[in-house]
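**Q** Got a predicted model here, sequence first, then my questions.
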Amino acid sequence: MKFATVSKSLVMGLALLLASSASAATKASLQLNNPVLVNGTTLKPGEYKVQWEGSGPNVELSIMQGKNVLAKVPAHVVDLQTPSPNDAAVTRKNDSGPNTLAGVRFQGKKFAIELGEASDGMQAGSSK
């Protein structure tokens, strides 16, 4: 009886720890070489931190400089077939003004972040 209670508590504790670490925020760096538009905010060239939180593929991406959050946008995590060869800001050309940030890739990682709500066509930045 005593062993079963200890084992059950251990399993529950481990499950809780894994669940809490899965929902923890993930951070990375982002270097912008040109101005980009993110959710209505123009970010100047420079070094930024990105942080995303959420469960499953849908996350909320925050772009920060220091402790200041400059932009927040819905995003989703997508799997890549091969690891990204470098860190990259993926942009989409605008007819006027700065390009729009469409995604972020991370060197050596087999996932990327695409900005915008996930849709059937997985089109980043769709306006629904």
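**A** It's in.
**Q** Could you check which helix or strand contains the residue nearest the centre of the chain?
**A** Relative to the mean C-alpha position of the chain, the nearest C-alpha, by C-alpha atoms, centre = their mean, is the one of Trp52, at 4.2 Å. Taking DSSP states H and E as the definition, Trp52 sits inside strand 46-53.
**Q** What are the contacting residues of that strand?
**A** The list of residues contacting strand 46-53 from outside it, by C-beta atoms under 8 Å, 6 or more residues apart in numbering, reads 23-32, 59-65, 70, 75, 77, 104, 113. Where C-beta positions appear, they are placed from N, C-alpha and C, glycine not excepted.
**Q** ok, 6 Å please
**A** 25-28, 30-31, 59-65 (C-beta atoms under 6 Å, 6 or more residues apart in numbering).
**Q** partners of the next helix or strand after it, with directions?
**A** Of the helices and strands lying after strand 46-53 in sequence (DSSP H and E), the nearest is strand 58-65. Looking at strand 58-65 with DSSP bridges, its partner strands are strand 46-53 (antiparallel), strand 68-79 (antiparallel).
**Q** Considering helices and strands only, name the one in this protein with the lowest mean pLDDT.
**A** helix 2-22 (a mean of 41; mean pLDDT, DSSP states H and E).
**Q** Can you give me the separation between the residue nearest to the centre of the chain and Thr82?
**A** Using C-beta to C-beta, to the nearest Å, one gets 21 Å for the distance from Trp52 to Thr82.
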